[in-house]
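Asker: Okay, here's the prediction I keep looking at, along with the sequence it came from:
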Amino acid sequence: MILFVESVYGDTMLHGNRFEGKELRQAVKQLLNVVSEEEFVSAFCMRYQYSVVPYDPNAKADYVIDLDTHWVYKPIY
């Protein structure tokens, strides 16, 4: 599963185990209750065994996590 994390601290792509939409939204919400947006990527990777992959603006992500608005959505390509 590829996640695109959009943030004022820098856009990041992550790769790891598959989440259902509801599960991912819940995981993001819970994590943002204990860490800041700036620490989110490293905390998410540690907690859910995801890894950062080289950013590719043409890659198609399964979900987008917008840290500025705390919104998780499935993009339409």
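Answerer: Alright, I've got the coordinates. Residues are numbered from 1 along each chain as shown.

Asker: What's the local residue count around Phe4?
Answerer: Look at Phe4: counted by other CB atoms under 10 Å, it has 20 neighbours. Where you see a C-beta, it was placed from the backbone N, CA and C, and this is true even at glycine.

Asker: now what about the lengthiest helix in the chain, what contacts it?
Answerer: Of all the segments of type helix in the chain, defined by DSSP state H, the longest one is helix 21-32. Identification of contacts with helix 21-32 by CB atoms under 8 Å, 6 or more residues apart in numbering yields 3, 19, 40, 43-44, 47-48, 63, 65, 67, 70, 72, 74.

Asker: can you redo those as JSON lines with pLDDT and neighbour count?
Answerer: Shown next, in JSON lines, are these (pLDDT from 0 to 100; neighbours: other CB atoms under 10 Å):
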{"residue": "Leu3", "pLDDT": "96", "neighbour count": "23"}
{"residue": "Phe19", "pLDDT": "89", "neighbour count": "19"}
{"residue": "Phe40", "pLDDT": "96", "neighbour count": "20"}
{"residue": "Ala43", "pLDDT": "97", "neighbour count": "15"}
{"residue": "Phe44", "pLDDT": "97", "neighbour count": "23"}
{"residue": "Arg47", "pLDDT": "96", "neighbour count": "13"}
{"residue": "Tyr48", "pLDDT": "96", "neighbour count": "15"}
{"residue": "Tyr63", "pLDDT": "97", "neighbour count": "19"}
{"residue": "Ile65", "pLDDT": "97", "neighbour count": "26"}
{"residue": "Leu67", "pLDDT": "95", "neighbour count": "21"}
{"residue": "His70", "pLDDT": "93", "neighbour count": "13"}
{"residue": "Val72", "pLDDT": "97", "neighbour count": "20"}
{"residue": "Lys74", "pLDDT": "95", "neighbour count": "10"}
